[in-house]
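1. Pasting a predicted model and its sequence here:
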Amino acid sequence: MAGQFWAATVTAIPSYEFTYFLWDVLSVCAIALPQDKFTTNTGKITVATSTPNAGQTYRDDTLGADITWMSWVDAEYVRQMVIHYLSGEFKTPPVTYVN
């Protein structure tokens, strides 16, 4: 499913400056999840900004920024939710997909 999201967006944007990332799709999907379908953790992280590790994210309790991340999600529920919304059924969303 992740590969299909990426493939559907990689050629849809005409200019590299407006690159669309798979995480954009997954982030929007997470907004609609009921709270019993995921768990979160909190901690401090730092992101490397220079090569060769640019972009590497790691825990750093001393200098890191506070964040909250999803540590578990009901993958089957998300899959069914995404299939439902991609099918074009927007007028009457199922109750199970609404917080």
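-> Yep, it's here.

2. Would you map the strands across the chain?
-> 38-47, 57-59, 65-73 (DSSP state E).

3. Deepest in the core, which of the ones you listed is it.
-> Among those, strand 38-47 has the highest mean neighbour count (mean count of other CB atoms under 10 Å), at a mean of 13. For the C-beta atoms, the positions are set from N, CA and C on the backbone; glycine is no exception.

4. Which elements pack onto that strand?
-> If you count contacts as 3 or more CB pairs under 8 Å, 6 or more residues apart in numbering; DSSP states H and E, strand 38-47 packs onto strand 57-59, strand 65-73.

5. Looking at the strands of the chain, which is nearest to R79?
-> Comparing the strands of the chain against R79 with CB to CB, the closest turns out to be strand 65-73 (10.3 Å).

6. on contacts alone, who are the packing partners of that closest one?
-> strand 38-47.

7. thinking again about what came up before, closest to H84 out of the strands of the chain?
-> Of the strands of the chain, nearest to H84 by CB to CB is strand 65-73, at 16.2 Å.

8. mind exporting the closest one as CSV, just the C-alpha atoms?
-> What follows is strand 65-73, C-alpha atoms only, in CSV (Å, rounded to 0.1, in the frame of the first residue of the first chain):
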residue,chain,number,x,y,z
ALA,A,65,13.1,18.5,20.8
ASP,A,66,10.0,17.1,22.5
ILE,A,67,7.8,15.2,20.1
THR,A,68,4.9,12.7,20.2
TRP,A,69,4.8,9.8,17.6
MET,A,70,2.6,6.9,16.8
SER,A,71,4.1,3.8,18.2
TRP,A,72,1.4,1.4,17.1
VAL,A,73,-1.5,1.5,14.7
